[in-house]
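> just the structure for this:
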Amino acid sequence: MKKYLPTSINFSVNKSGFTLVELLVVITIIAILSVIGITIFTGVQKNARDAQRRGDVDAISKAWEVHYSQTTPNYPALQATWFSNQSIPRDPLTNVAYDYSGGAANESASGATYKVCATIESSTGTFCKSNQQ
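Residues are numbered from 1 along each chain as shown. Next comes the predicted model:
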């Protein structure tokens, strides 16, 4: 007894499959879109870290301004308790402390000045704030 397969399973008759060229075109398109997505994503991450760096520099600068002493015109040493998370802000990528100087316990003997800087990723250079314009 001979059994016949339905035409949908009979591969010699079925013409509804994908050709190798069609599969290669789809794989190429997916690869191109993946590369574009990854490059955009890394650019967005750099911009986000730069925005956090700018915010951290502003926070350190404002903390010093808030704790400025009018009676003895100086800026006290930077303290972790001045910040909401109880730690001095650090670089989001390398977790290294920002470059800051000033305050009574740092380079400036009188504590009358401060300067805080962060290196920006998306453009070569630094973002600085100080009390001397």
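
> let's verify residue 101: helix, strand, or coil?
Counting by DSSP: H, G, I helix; E, B strand; the rest coil, the backbone at residue 101 sits in strand.

> for it, name its beta-bridge partners.
Beta-bridge pairing for residue 101 (DSSP bridges): residue 115.

> wait, it sits on residue 130?
No - Residue 101 is beyond contact range of residue 130, at 9.0 Å (criterion: C-beta atoms under 8 Å). (C-beta placed from N, C-alpha, C; glycine too.)

> what residues do the two have in common as contacts?
Residues touching both residue 101 and residue 130 by C-beta atoms under 8 Å, 6 or more residues apart in numbering: 114, 115, 116.

> the first one contacts residue 98, correct?
Pointing back at residue 114 there. No - the pair residue 114 / residue 98 is not scored as a contact, 11.8 Å apart, by C-beta under 8 Å.

> those two: which is more packed in?
Neighbour count, other C-beta atoms under 10 Å: between residue 114 and residue 98, residue 114 has more, with 25 against 20.

> run through the residues that contact that one.
61, 64, 75, 100, 101, 102, 103, 108, 130, 131.

> which non-adjacent residue is nearest it?
In space, and not counting its chain neighbours, residue 114 is closest to residue 102: 2.8 Å by C-beta to C-beta, 6 or more residues apart in numbering.

> tell me how many other residues surround that neighbour.
By the measure other C-beta under 10 Å, the count of residues near residue 102 is 23.

> now residue 47
12.

> also the one 10 residues further on?
Neighbourhood size, residue 57 [other C-beta under 10 Å]: 21.

> gap between the residue nearest to residue 119 when sequence neighbours are not counted and residue 120?
Excluding its sequence neighbours, the residue lying closest to residue 119 (C-beta to C-beta, 6+ apart) is residue 126, at 5.4 Å. Going from residue 126 to residue 120 by C-beta to C-beta, to the nearest Å gives 6 Å.

> picking up where we left off before, residues contacting the residue nearest to residue 114?
64, 75, 108, 111, 113, 114, 115, 116, 130, 131.

> pLDDT check: weakest of those residues?
When those are compared by pLDDT, residue 108 scores lowest at 46.
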